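In: Fold the stuff below for me.
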Amino acid sequence: MKNVLITGASGFIGSFLVEEGLKQGYQVYAGIRKSSSRAYLQDPRIKFLEFNFSTRETVMETLTECLRNQIRFDYIIHNAGLTKAKKKEDFYNVNCRNTINFIEALTEKEMVPEKFLFISSLAAFGPGNPLTGEPVRLADEPKPIELYGKSKLDAERYIMGLKNFPWLILRPTGVYGPKEKDYYVFFQTINRGMEPYIGFRKQVLTFIYVRDLVRLAFIALASPHLQKGWFVSDGKEYPSELFAEITKKALGKRTIRFTVPLFIVKTIAILGENIAGLWGTMPTLNTDKYNVLSSTNWRCEIEPLEQDFGFKAEYDLEKGVAETLAWYKKENWL
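Out: From the prediction side, this is the model:
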């Protein structure tokens, strides 16, 4: 039985990675913080390891304990990270600096696995050209438009600069599914009968359902590939209006549709960020969020993914949204 360590295991994607690893017969080690909730990690087969990635030394303490107990990892999926932060520097510290600390500790303790899979994001490259509508391609120069994406790109560049290190990188587009909390806000809004849009330009979105993403992660681990990265989506493109239509149909809701001009959203974002900055924090609607909301082209190239893995998503948006909303209702989130 192969051992796999999954960091960020208590979160949305992490808990699904743990579930998939168990399903595929791995011995799963769930890497969590001491303060992490274990609400979605109830399977008795899971073995827990508490990590503090803030310094190389704290990581080495956990790895030393692993060696003392004769625990080594065949594979590591490094999924721990931040998508939102109270302070701007937290993005770099958690998404990049902590990754560096982790890899340096693994190297020093001679615990480098057969494969180290880094869960990055399409945000590391940024959106596609809004004028041509061309998708983001692997050969393109990355142009992240937010601190989250920049921090993921910094981590990627560090990883790809390592000699003889067995890395793989997955860059999913928008990931949704049960337990997720960002798209959940959109579902809540539709459920309340409102259908807001930001700006008057048409926006093309791409998605990957969480179960497809985690299935792909384990396909990548079992593959012969090393030192390669891919964009990940379900292979389809969705106008923002279609996302809303699919959600309304699944919820059986009618909505009031309205559009907020971009200049109003940008003004609110700048003012909120300046005010919050006085206390050293970041508001939910900030200039980074504005950059994302105002971008119209989130297409990405997935032909390399299909060629290397023969990957086909099992969920399109309609099927994925239906399953997601059913879970939200079951858990009384909606």
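In: Sketch out the helices for the stretch 1-150 of the chain, chain order is fine.
Out: Listed in chain order, the helices of the stretch 1-150 of the chain (DSSP state H, counting those that start in this stretch) span 12-23, 56-68, 88-91, 98-108, 147-160.
In: could these go into a markdown table alongside mean pLDDT, mean neighbour count and distance to Thr324?
Out: All C-beta spots, glycine's among them, are computed from the backbone N, C-alpha and C. Output for those, formatted as a markdown table (pLDDT from 0 to 100; neighbours: other CB atoms under 10 Å; distance: least, CB to CB, whole Å):
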| stretch | mean pLDDT | mean neighbour count | distance to Thr324 |
| --- | --- | --- | --- |
| helix 12-23 | 98 | 23 | 11 |
| helix 56-68 | 97 | 15 | 34 |
| helix 88-91 | 92 | 17 | 26 |
| helix 98-108 | 98 | 20 | 29 |
| helix 147-160 | 98 | 22 | 22 |
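In: Mind putting these into TSV with distance to Leu213?
Out: Putting those into TSV (distance: least, CB to CB, whole Å) gives the following:
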stretch	distance to Leu213
helix 12-23	7
helix 56-68	26
helix 88-91	21
helix 98-108	19
helix 147-160	15
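In: With Gly280 as the reference, name the closest of those helices.
Out: helix 88-91 (9.2 Å; CB to CB).
In: for that closest one, packing partners?
Out: Helix 88-91 sits against helix 147-160, with contacts defined as 3 or more CB pairs under 8 Å, 6 or more residues apart in numbering; DSSP states H and E.
In: So what touches the helix it packs on?
Out: Helix 147-160 has contacts (CB atoms under 8 Å, 6 or more residues apart in numbering) with 81-85, 88, 91-92, 94-96, 99-100, 103, 116, 118, 120-121, 123-126, 142, 144, 165, 167, 169, 227, 229, 288.
In: In strands only, show me those.
Out: 116, 118, 167, 169, 229 (DSSP state E).
In: Return the member of these nearest to Lys329.
Out: Using CB to CB, the ones in strands among the contacts of helix 147-160 come closest to Lys329 at Phe118, 34.1 Å.
In: If you count neighbours, what's buried in stretch 298-308?
Out: 298-302, 305 (16 or more other CB atoms under 10 Å).
In: now do stretch 259-275
Out: Those would be 265-266, 269, 272-273, for stretch 259-275 by 16+ other CB under 10 Å.
In: could I get those residues as TSV with distance to Ala155?
Out: Listed next are those as TSV, based on distance: CB to CB, whole Å:
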residue	distance to Ala155
Val265	29
Lys266	29
Ala269	26
Gly272	28
Glu273	24
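In: Tabulate those residues (a markdown table), appending distance to Val18, secondary structure and pLDDT.
Out: Shown next, in a markdown table, are those (distance: CB to CB, whole Å; DSSP: H, G, I helix; E, B strand; the rest coil; pLDDT from 0 to 100):
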| residue | distance to Val18 | secondary structure | pLDDT |
| --- | --- | --- | --- |
| Val265 | 37 | helix | 87 |
| Lys266 | 40 | helix | 90 |
| Ala269 | 36 | helix | 81 |
| Gly272 | 36 | helix | 81 |
| Glu273 | 36 | helix | 81 |
